[in-house]
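S.K.: turn this into a structure:
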Amino acid sequence: MVFFIEGDLNTNSDELHGINGNTKGDWVTGVEHPIIDITEISVVEDYMIPGWPMIYIICPDRFIIHSDPGAQQSSGAAMYAKVSECGYGQYGNDVKILSTTHPEENICDNFSPQIKIQNYGANELTSFEVITKIDGNIVHTYNWTGSLEQYGMDVITLEYIDISSYNEGNHTFTFELSNPNGTSDEDNTNNIEEKSFIIETTGKVPVQLIIDPDLYPSHISWYIKEGNSTVLTGYGYSDVDTNIFEALCLDENTCYKFIIYDSQNDGFTKPNGSVTMTSLGNELFHFTEVEHHSSSYEVEFCVESVNVTDIVKTQLNIYPNPSKDIIVIETINTIKNIEILDISGKLVLKPNIIKNNIIDNTKQTINISTLEKGIYFIKVDDSINKIIKL
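M.R.: Residues are numbered from 1 along each chain as shown. Next up is the predicted model:
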């Protein structure tokens with residue numbers, strides 16, 4: 001099916017018919033496919049549309065395999081040829097790994113593995129197993145239950161990994177899916193993903209870089225420099241990345257310069273675009289489109305010394321952080337009270353303590369999906385930590 005979407009909120013039905021306003025003519029007569037005149041900006045934001053005209057092919061498995069800015073290369077024949085590249089499920093029971101995050105290439109802090117899966121089978125997916133391994137040894141087994149129709153997707157945050165249990169150096173992390181609906185997976189070519197990573201904690205400090213971009217993440221590149229030497233960089237982001245999160249490791253007691261570039265020389269072109277860097281709950285710097293509105297912007301920051309051994313053996317773990325919807329709190333003590341405050345100190349969420357089968361309620365799962373994007377304080381009894389809502 002072909003749909004024409006008028007993405008400009010200022011264009012009404014009369015103008016599409018060539019009547020009044022700034023219309024360029026009649027866009028309707030002779031067009032055989034439906035024309036949708038949207039009234040909310042959500043469609044533009046959901047598809048991260050960088051300009052008009054723009055052509056997307058959306059496959060049955062919900063993936064976009066082709067987009068053509070300016071519609072320069074898209075004859076009818078070319079477009080229909082692209083359709084043949086769409087993926088589709090061929091089996092009844094098939095759970096598929098779409099992507100994974102954490103561990104990153106270099107690790108200097110504990111982490112929560114995260115995996116995005118899809119039901120690629122024709123049958124409703126009600127259960128499967130996720131097995132995680134480090135260096136071939138099973139770390140955790142997670143039993144997922146729920147309900148996903150074909151091509152339905154879910155993001156799963158897995159159990160916290162304490163890196164103090166592992167030696168510094170090279171390691172391999174493995175994600176493995178099995179037993180969809182209690183039976184054998186009929187396609188085992190999409191069930192396993194391996195990631196190489198390096199644990200390095202001596203003299204290192206964990207740092208989180210969060211970029212809330214405008215509609216053009218592909219325009220972004222950033223560099224972290226120590227003196228004249230570039231130590232870290234990031235680029236090549238997709239225009240469907242609505243948030244960019246990088247877990248980094250930097251040298252303690254060292255000062256750096258962060259530089260962000262925009263290939264179109266206009267910086268962030270939407271309200272609320274921002275860059276934030278934190279370390280162990282402390283904000284190192286933050287800026288928005290007010291500062292970054294040209295080809296580049298730079299800020300200097302310093303990373304202080306920390307006792308990494310104490311960090312990885314902390315008695316209170318909150319993960320994943322940042323998070324879009326769910327955070328997990330783990331502590332060795334009984335959790336009696338939880339409060340989430342905004343940066344002004346105003347109480348915005350007071351979750352109920354849910355009694356569970358963990359002795360003395362030492363683990364709680366909190367839904368923060370109703371919160372706006374930003375930085376918050378979470379107070380767990382007498383302990384206060386920062387969390388970041390994506």
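S.K.: C-alpha from now on. contacts and neighbour counts both.
M.R.: OK.
S.K.: who touches H286 in this structure?
M.R.: For H286, the contacting residues are 274-277, taking Cα atoms under 8 Å, 6 or more residues apart in numbering as the criterion.
S.K.: tell me the spacing between the residue sitting nearest the centre point of the chain and S274.
M.R.: Per Cα atoms, centre = their mean, the C-alpha nearest to the average position across the chain is that of N243, at 5.8 Å. Using Cα to Cα, to the nearest Å, we find N243 at a distance of 10 Å from S274.
S.K.: can you check which residues contact both of the two?
M.R.: By the contact definition Cα under 8 Å, 6+ apart, N243 and S274 are jointly contacted by 211-213.
S.K.: kindly list the longest strand within the protein.
M.R.: If you go by DSSP state E, the chain has its longest strand at strand 137-148.
S.K.: where in this protein is pLDDT low?
M.R.: 41, 45, 48-51, 69-74, 239-242, 270-272, 281, 306-315, 343-345, 355-360 (pLDDT under 70).
S.K.: make it 50
M.R.: Within the chain, the stretches with pLDDT under 50 are 308-314, 358-359.
S.K.: that one - how does it break down into domains?
M.R.: Per automatic domain parsing, the domain ranges recorded for the chain read 4-83, 95-199, 204-303, 315-389.
S.K.: would you turn the ones you listed into JSON lines with distance to G89?
M.R.: Output for these, formatted as JSON lines (distance: least, Cα to Cα, whole Å):
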{"stretch": "domain 4-83", "distance to G89": "8"}
{"stretch": "domain 95-199", "distance to G89": "5"}
{"stretch": "domain 204-303", "distance to G89": "24"}
{"stretch": "domain 315-389", "distance to G89": "29"}
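S.K.: please name the bridge partners of S296.
M.R.: Here S296 shows beta-bridge partners Y261, assigned using DSSP bridges.
S.K.: those helices in the stretch 51-200 of the chain, which residues are they?
M.R.: Listed in chain order, the helices found in the stretch 51-200 of the chain under DSSP state H, counting those that start in this stretch are 76-83.
S.K.: number of residues surrounding G25?
M.R.: One way to gauge burial is a neighbour count; for G25, by other Cα atoms under 10 Å, it gives 12.
S.K.: thinking again about what came up before, leaving out sequence neighbours, find the closest residue to the residue nearest to the centre of the chain.
M.R.: Leaving out its chain neighbours, the residue that sits closest to N243 by Cα to Cα, 6 or more residues apart in numbering is D212, at 5.1 Å.
S.K.: ok, I107 next?
M.R.: Leaving out its chain neighbours, I107 is closest to I199 (Cα to Cα, 6+ apart), at 4.8 Å.
S.K.: what count of nearby residues applies to that neighbour?
M.R.: If we define neighbours as other Cα under 10 Å, then I199 has 21 of them.
S.K.: re the thing from before, so which of the contacts of H286 are in strands?
M.R.: Among the contacts of H286, the ones falling in strands (DSSP E) are 274-277.
S.K.: buried subset of these?
M.R.: Buried residues within the ones in strands among the contacts of H286, counting neighbours by 16 or more other Cα atoms under 10 Å: 274-277.
S.K.: and these, which is closest to N253?
M.R.: Using Cα to Cα, M277 is the member of those that sits closest to N253, with 16.2 Å.
S.K.: out of the shared contacts of N243 and S274, grab the one that's most surrounded.
M.R.: Result: P213 is most packed of these (other Cα under 10 Å), 26 neighbours.
S.K.: CA-only coordinates of stretch 10-25 in PDB, if you can.
M.R.: Provided in PDB are the C-alpha atoms of stretch 10-25 (Å, rounded to 0.1, in the frame of the first residue of the first chain):
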ATOM      1  CA  ASN A  10       0.400  24.600   8.300                       C
ATOM      2  CA  THR A  11      -1.000  23.000   5.100                       C
ATOM      3  CA  ASN A  12      -4.800  22.300   5.200                       C
ATOM      4  CA  SER A  13      -7.100  20.400   3.000                       C
ATOM      5  CA  ASP A  14      -8.000  23.400   0.800                       C
ATOM      6  CA  GLU A  15      -4.300  24.000   0.000                       C
ATOM      7  CA  LEU A  16      -3.800  20.400  -0.900                       C
ATOM      8  CA  HIS A  17      -6.600  20.900  -3.500                       C
ATOM      9  CA  GLY A  18      -4.800  24.000  -4.800                       C
ATOM     10  CA  ILE A  19      -7.100  26.500  -3.100                       C
ATOM     11  CA  ASN A  20      -6.000  29.600  -1.200                       C
ATOM     12  CA  GLY A  21      -2.900  30.000   1.100                       C
ATOM     13  CA  ASN A  22       0.600  29.400  -0.300                       C
ATOM     14  CA  THR A  23      -0.400  26.300  -2.300                       C
ATOM     15  CA  LYS A  24       1.700  25.400  -5.300                       C
ATOM     16  CA  GLY A  25      -1.300  23.600  -7.000                       C
END
